[in-house]
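Trainee: what's the 3D shape of this:
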Amino acid sequence: MTNFNNNQNCAGPKSLRQNYPLRWRVSLTPHFSGVGARIGETKTVSTVFRNGGAACRIRREKTVKTVLHPPRLWITSLKRGVNETLTRSINPLKRAVNANAGASLRLAFLGFALAFTASPAHAKLNVVATLPDFGAIAQEIGGDKIKVTTIARGTEDQHFVDARPSFIRVLNQADVLIEGGAELEIGWLPRLVEGARNGKILSDAQGHVILSRVIRLLEVPTGPVDRSMGDVHPLGNPHFSLDPANGKNIASALVETFSRLDRANASFYEANLKRFEQRMDKKLPEWAKLLEPYRGTNVAT
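Mentor: Residues are numbered from 1 along each chain as shown. Model prediction:
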């Protein structure tokens, strides 16, 4: 049973105060009738409505049994005179609403439909490179189709990069991880990859590029290797990016990975590879001529 106790200061006809809402709001959450009561209990609840600006109070008291209702849709409109809340069940709509509410309802459902059915713009590949050298070549190949993040700085020892927690978040969002391999990053990268919990960049995943697999490594030990021998690379010298000629092999490996993950832009990556190789073929003889006077010279860095 519903009773209305009207304040004597209320102005205007009772039907106006009860039936014309000032504001509706949107909510898609399940709710309980009978606030503060357990499911199945009965409880008396009351609701107070205010006539905007006036001293009017409309109190509605009702004894209810607490039950779990399906989600309800609340709509917003600011074109009415008295503040009251109307609810409508989503499925089915139990009561029709006036013209303004109907328009708002249609717009609300249209917005939800567009939000869930509109096709998103083609997202860039999120590429993470362990070293600046790898990141630079990735950018040459990927252009504006990828976003490149580099973990290590050029001034850091590549074997001993500080594995900061922020790198875990970066790797968690990566589509591609580029590493040198040959145990170059073994002291810090595995822990970051494990912490990132990203299946796209695990060691056997399509998005994990290990460049040492496409490079002919130098200084590969031919006998047993142990700690007593000092700083020895058991799989060969992993600093292959110091040789500019290896840049073409690195670029080819990246094109293969980018094209596999982003087939729509495969021709774009192939075209960038051709331009990159043409530039390298032009620059390599120039660099070789420039360094020829220093052939055989011992260099300390």
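
Trainee: Is it correct that M280 is in contact with N249?
Mentor: No: the criterion here is CB atoms under 8 Å, and M280 misses it with N249 at 10.6 Å. C-beta coordinates here come from the backbone N, C-alpha and C atoms, glycine included.

Trainee: What segments of the stretch 151-300 of the chain are strands?
Mentor: Here the stretch 151-300 of the chain has its strands, by DSSP state E, counting those that start in this stretch, at 176-179, 208-210.

Trainee: Can you list the strands that the first one pairs with?
Mentor: Each strand paired with strand 176-179, and its direction, by DSSP bridges: strand 125-129 (parallel), strand 208-210 (parallel).

Trainee: how about the ones you listed in TSV, adding mean pLDDT and distance to R191?
Mentor: Below are the strands paired with strand 176-179 laid out as TSV (pLDDT from 0 to 100; distance: least, CB to CB, whole Å):
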stretch	mean pLDDT	distance to R191
strand 125-129	98	15
strand 208-210	97	15
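
Trainee: Tell me which of these sits nearest to T155.
Mentor: strand 125-129 (16.0 Å; CB to CB).

Trainee: Quick check: what element follows the closest one along the chain?
Mentor: Counting by DSSP states H and E, the next helix or strand C-terminal to strand 125-129 is helix 132-142.

Trainee: got the angle between that next one and strand 125-129?
Mentor: Here helix 132-142 runs at 160 degrees with respect to strand 125-129, directions being taken by axes from the mean of the first three to the mean of the last three CA atoms, to 10 degrees.

Trainee: For whichever helix or strand comes after helix 132-142, which strands pair with it and how are they oriented?
Mentor: Taking DSSP H and E as the definition, the helix or strand that follows helix 132-142 towards the C-terminus is strand 146-150. Each strand that pairs with strand 146-150, with its direction, by DSSP bridges: strand 125-129 (parallel).

Trainee: So which residues make contact with the partner strand?
Mentor: Taking contacts as CB atoms under 8 Å, 6 or more residues apart in numbering, the residues outside strand 125-129 that touch it are 135, 138, 142, 145-151, 170-171, 173-179, 201, 258, 261-262.

Trainee: swap in stretch 162-180?
Mentor: Under the contact criterion CB under 8 Å, 6+ apart, stretch 162-180 has outside partners 125-131, 134-135, 138, 146, 149, 151, 156, 158, 185, 188-189, 191-193, 195-198, 200-201, 207-212, 238, 240-241, 254, 257-258, 261.
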